[in-house]
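Undergrad: Next input, structure requested:
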Amino acid sequence: MPEVHPTAVVSPRARLAEGVTIGPYSIVGDDVTIGCDTTLESHVVIEGHTEIGERNRIYPFVSIGSPPQDTGYKGEETRVVIGNGNLIKEYVTVNRATTKQDWVTVVGDDNFLMAYAHVAHDCRLGNKIIMSNVATLGGHTVIGDHAILGGLVAVHQFVRIGAYAFLGGKTGVDRDIPPFMIAAGERAKLYGLNRRGLARHGFSQEVIDGLKRAYRILWRETRSFDEGIRRVRQEIPSFPQLEVLLGFLEGSKRGVLRD
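TA: Predicted coordinates for the structure are as follows:
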């Protein structure tokens, strides 16, 4: 049976699985679903059409499922979907979606959202992402698996951040950050391959060397991505991570950080 503190306010329409714990003064709305063994500490507010998976731990003063910060939103039944095994620290906010895309804000599995992080409407987060304190996402941001955002990072709406990317603290991001790379600076600049991070994740030296060579061609030896992509495909034998990088560049709509 779920364990609900007597001071918590939980709608009788909310769906709570076995092992759910709802702490003091928390509020759970009508259309909320919470999976097995998820814990809400004190003063957590979950509202709207929100689905939270299993084994999540949500700390005090978190707000999930509140209306988007978008003047066009008129109360439509948009959603938040959060996966399993996430750690969501104090004062994090995750807003429900608008109707401008897929009507859903998504947070995947095993992510660590540190204090005061903000996930705006229509964002899509993959798995095993770290958002450090006060990292802030504009609407429609997409973040790939294993990306790390330093403290006070600010990401413009519609930007994509690739898998295994590392963003230094206080970085302002206005264009797509390619996978496997490091970016930092008041206005983000690219600083090359995230070699140490890739090694920690078990990437082989051969893969790291191939990605490093691709970086040199794409960002140092050619003037356009079209030219660089052609050269990479001619000069470097294909491997999966290389195809991820090139596919990311080819799929960019906002533009990829160049320097």
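Undergrad: domain parsing for the chain?
TA: Annotated domains of the chain cover 3-140, 198-250 [automatic domain parsing].
Undergrad: Buried deepest among those, which one?
TA: domain 3-140 (a mean of 20; mean count of other C-beta atoms under 10 Å). C-beta coordinates here come from the backbone N, C-alpha and C atoms, glycine included.
Undergrad: what's the span of it from first residue to last?
TA: 35 Å (C-alpha to C-alpha, to the nearest Å).
Undergrad: From here on, call the first residue 15.
TA: From this message on, residue numbering opens at 15, which makes the last subject domain 17-154.
Undergrad: So what's the gap between that domain and the chain middle?
TA: 13 Å (C-alpha atoms, centre = their mean, to the nearest Å).
Undergrad: any idea of the mean pLDDT for that domain?
TA: Across domain 17-154, the average pLDDT comes to 98.
Undergrad: Apart from its chain neighbours, what residue comes closest to residue 150?
TA: Distances taken as C-beta to C-beta, 6 or more residues apart in numbering put residue 132 closest to residue 150, at 4.5 Å, once the chain neighbours are dropped.
Undergrad: need the contact list for the one you found.
TA: 106, 107, 149, 150, 151 (C-beta atoms under 8 Å, 6 or more residues apart in numbering).
Undergrad: Try it again at 10 Å.
TA: Applying C-beta atoms under 10 Å, 6 or more residues apart in numbering to residue 132 gives the contacts 77, 83, 105-109, 145, 148-152, 168-169.
Undergrad: So residue 175 is in contact with residue 152, correct?
TA: No. Between residue 175 and residue 152 there is no contact, the gap being 11.6 Å when judged by C-beta atoms under 10 Å.
Undergrad: Can you work out which residues contact both of these two?
TA: 169, 187.
Undergrad: For this structure, which segments count as helices?
TA: 209-214, 219-229, 239-249, 254-264 (DSSP state H).
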